[in-house]
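Undergrad: when you get a sec, could you give me coordinates for this:
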Amino acid sequence: MTNELTVEVMDEPTLLLAARRATVPFAELPAFYDAAYGAVAHALGARGLGPAGPAYGWYASMPSDVVDVAAGFAVEGVEPGALGDGVEVFEVAGGPCAVATYVGPYDGLGEAWGRLEAWRSERDQAVRGDFWEVYVTEPSPDGDPAANVTRLVLPLA
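TA: Next up, the predicted model:
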């Protein structure tokens with residue numbers, strides 16, 4: 001990865017996330033994301049609702065061979081609870097977070113997270129445990145993967 005990864009400590013707001021959550025093998029994440037985003041968009045649309053911003057990938061803890069992940073969109077004006085078709089609205093707590101912006105293809109996210117983790121480790125900063133990615137650039141078949149913009153958000157303890 002060639003781009004500079006600048007880390008800032010920011011106070012992230014609490015958000016409501018409409019998402020499909022599952023525990024999936026790491027290798028199956030792309031298929032899970034594809035299915036989850038479609039299901040969430042459908043569940044929101046069926047209620048006359050839409051996303052309040054870009055797509056999110058929320059992780060309950062650091063991935064290993066298996067990942068506890070939720071994929072969806074921030075929403076506003078929706079009560080937490082089930083929307084149907086495996087989609088649920090839940091609260092993601094805000095607070096102080098280390099935030100970095102990565103520009104590049106999704107296959108470089110692991111290295112970007114490694115660099116963010118090195119930043120955290122150098123400062124001996126404790127973390128909350130969960131973390132998320134905000135996919136600022138909506139991927140498209142005709143788009144340039146090198147131009148994808150992803151925010152990496154690591155809540156601090």
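
Undergrad: list the buried residues of the longest helix along the chain.
TA: Assignment by DSSP state H gives helix 29-46 as the longest helix of the chain. Neighbour counts using 16 or more other C-beta atoms under 10 Å place 29, 32-33, 36-37, 39-41, 43-44 of helix 29-46 among the buried residues. In short, each C-beta sits where N, CA and C put it, glycine included.

Undergrad: now Phe26: how far from Ala71?
TA: Phe26 is 14 Å from Ala71, where distance means C-beta to C-beta, to the nearest Å.

Undergrad: ok, those two, which is more surrounded?
TA: Ala71 (24 against 12; other C-beta atoms under 10 Å).

Undergrad: what's the closest non-adjacent residue to that one?
TA: Ala36 (3.7 Å; C-beta to C-beta, 6 or more residues apart in numbering).

Undergrad: the one you found touches Phe73, doesn't it?
TA: No: shown here, Ala36 and Phe73 do not form a contact pair, counting by C-beta atoms under 8 Å, at 10.1 Å.

Undergrad: pLDDT weak spots in the protein?
TA: Applying pLDDT under 70 to the chain flags residues 1-3.

Undergrad: before we move on, the earlier item: now list whatever residues contact both of Ala36 and Phe73.
TA: Ala19 (C-beta atoms under 8 Å, 6 or more residues apart in numbering).

Undergrad: strands along the chain, start to end?
TA: 7-12, 15-25, 55-59, 66-75, 81-84, 87-92, 95-103, 131-135, 149-155 (DSSP state E).

Undergrad: out of the buried residues of helix 29-46, who's nearest Arg128?
TA: Nearest to Arg128 among the buried residues of helix 29-46, counting by C-beta to C-beta, is Leu29 at 21.6 Å.

Undergrad: now render the strands of the chain as JSON lines, adding distance to Gln125.
TA: Formatted as JSON lines, the strands of the chain follow (distance: least, C-beta to C-beta, whole Å):
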{"stretch": "strand 7-12", "distance to Gln125": "9"}
{"stretch": "strand 15-25", "distance to Gln125": "22"}
{"stretch": "strand 55-59", "distance to Gln125": "18"}
{"stretch": "strand 66-75", "distance to Gln125": "22"}
{"stretch": "strand 81-84", "distance to Gln125": "34"}
{"stretch": "strand 87-92", "distance to Gln125": "20"}
{"stretch": "strand 95-103", "distance to Gln125": "7"}
{"stretch": "strand 131-135", "distance to Gln125": "13"}
{"stretch": "strand 149-155", "distance to Gln125": "9"}
